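> Could you work out the structure for the sequence below:
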Amino acid sequence: MLYYYRILLRFNLSLHLNPYCGIVTYMLKLYEKYHISRERTLIGLFREINKHFNPKRILYPGSFVHITPSLIFSNVTYIDSVKGVNKFFEDPEVNEYIINNKEYSEKTNLKFYHQDYYEEIPERLGSYDYVISLYGGFIGQAVKKYLIKGGILVCNDSHGDASMASKDPDYKLIAVYDEISDEDYSISYTDLDEYLIPKKRKNVSKKEMQKIGRGIVYTRSPTGYIFRKK
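The predicted model follows:
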């Protein structure tokens, strides 16, 4: 138990104890296992996004159990089709953990849809101003219709989403971000013409990327990219 306590203190997150068993619940252990213990909460990134863009409604397809956005933003919608992940979001201890550790005063508004993010969700089109795309595929294409004009797509290129967005006339690169540590990220708006330059001269189309399931290898790659929807 001391091990978990030290890890959570390190990330400025308080350990919420279950009064019946004296330790975090099984569901919360999933968050600890996949994010806190691996120093992959990305809390520093979300703080920077909040400071620079102050988004009000966030959509996170392919989230799995990554609930860190709800510690920074009051209104987040999660989508994931992994079997059993709905039990995580239904666990009262998970909701209580968010309430006890959130960095805002507003009431938490969390929604979860247990489905493929390519499927329709019962939300208004153009009603989100920030889409999170990390390790879930071509999310920026699949949910683009829910992103408001002027909204941001924050993505990495691990599964080619940044490459795909760079080929999409509906998106414009406005910034890049780099990880210094889990709690420390930087956002840069300068020298953007130095990014998204392919190492190979071959012009890879969106259709080809969709087929092979990965993006383009670039000469210079930041941790991630920020696109604005035109």
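> Which residue would you name as the spatial centre of this protein?
residue 132 (3.8 Å; CA atoms, centre = their mean).
> Surely that one and residue 69 touch.
Yes: with contacts counted by CB atoms under 8 Å, residue 132 reaches residue 69, the gap being 6.5 Å. (Glycine included, C-beta is placed from N, CA and C.)
> Quickly list what's touching both of the two.
Common neighbours of residue 132 and residue 69 (criterion: CB atoms under 8 Å, 6 or more residues apart in numbering): 58, 60.
> who's in contact with residue 78?
60-61, 63, 67, 89, 110-113.
> those helices in this structure, which residues are they?
2-10, 26-31, 43-53, 69-72, 85-90, 92-101, 139-142, 161-166, 206-212 (DSSP state H).
> mind saving the C-alpha coords of the fifth one as PDB?
The C-alpha trace of helix 85-90 is given here as PDB (Å, rounded to 0.1, in the frame of the first residue of the first chain):
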ATOM      1  CA  VAL A  85     -14.400  -1.200 -19.700                       C
ATOM      2  CA  ASN A  86     -17.900   0.100 -19.100                       C
ATOM      3  CA  LYS A  87     -17.600  -1.500 -15.600                       C
ATOM      4  CA  PHE A  88     -14.700   0.900 -14.900                       C
ATOM      5  CA  PHE A  89     -16.800   4.000 -15.700                       C
ATOM      6  CA  GLU A  90     -19.800   2.600 -13.700                       C
END
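> Where does pLDDT dip in this protein?
For the chain, applying pLDDT under 70 flags the ranges 1-24, 201.
> which of the contacts of residue 78 tops the neighbour count?
Among the contacts of residue 78, residue 60 has the most neighbours (other CB atoms under 10 Å), with 28 neighbours.
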